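Visitor: How does the following fold in three dimensions:
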Amino acid sequence: MLNQLRQDHANMARILHVLQLKQKTLAAGERPNFQLVREVVDYILDYQEGFTQPLEKVCTERLKQVVPESEEVTARLARDYRALKAQLKRLSDDLDMILMDAVIPMDRFADDLRAYVEAHRAYLRDERELLFPMIREHFQDGDLETLAESLPEGAAEKLERLQEAYPELYAELRDAPEPAT
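Guide: Below you'll find the model as predicted:
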């Protein structure tokens, strides 16, 4: 389970790297491939809904049982997660407008995109530094197996379908260098 979480973090770091590259293109005054940005945003929204939220909910509930003092950390991570989702939803709405050729201030969109990437990276870092050590220290093998079984049915299949649904994103990911986290 922890290996899966680490792999998910590595994959999300690569996805955020792709967004950062598109943001830098936009900040330089060039027009990035907004359809690819749309695919990245949709992928993250789908992934959060179908995999991240259920996994973190189950982890948080179990941590509260075995480490009651974890509630402060898990509550903060939950707040940060909700803020990330709200930022991403705003970006998604702006992308809808851009793709419909509506006038959107590109400097504001570039700033919002940069802020989202930075916030998401900070969230991943907090999970790695605060949540993962608690899981590693306090969860037994049985807890980890129970967590794996508690994931929504078909989570792995859903991820495979997401990969097939966003081919341009995966082509870009294949070519992207491994970002430093």
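Visitor: only C-alpha atoms for contact and neighbour calcs from this point on.
Guide: Noted.
Visitor: And the helices in this protein?
Guide: Secondary structure of the chain (DSSP state H): helices located at 2-27, 34-47, 53-66, 71-99, 106-126, 132-138, 141-150, 155-165, 167-175.
Visitor: ok now do the residue nearest to Val67 when sequence neighbours are not counted, which residues does it touch?
Guide: Excluding the flanking residues, the one nearest Val67 by C-alpha to C-alpha, 6 or more residues apart in numbering is His138, at 7.4 Å. His138 is in contact with Leu63, Val66, Val67, counting by C-alpha atoms under 8 Å, 6 or more residues apart in numbering.
Visitor: same thing with Lys24?
Guide: Lys24 touches Ala110, counting by C-alpha under 8 Å, 6+ apart.
Visitor: same check, this time on Arg108
Guide: No contacts exist for Arg108 under C-alpha under 8 Å, 6+ apart.
Visitor: From Leu26, how far out is it?
Guide: 10 Å (C-alpha to C-alpha, to the nearest Å).
Visitor: Neighbours of Leu84, how many?
Guide: By the criterion of other C-alpha atoms under 10 Å, Leu84 has 18 neighbours.
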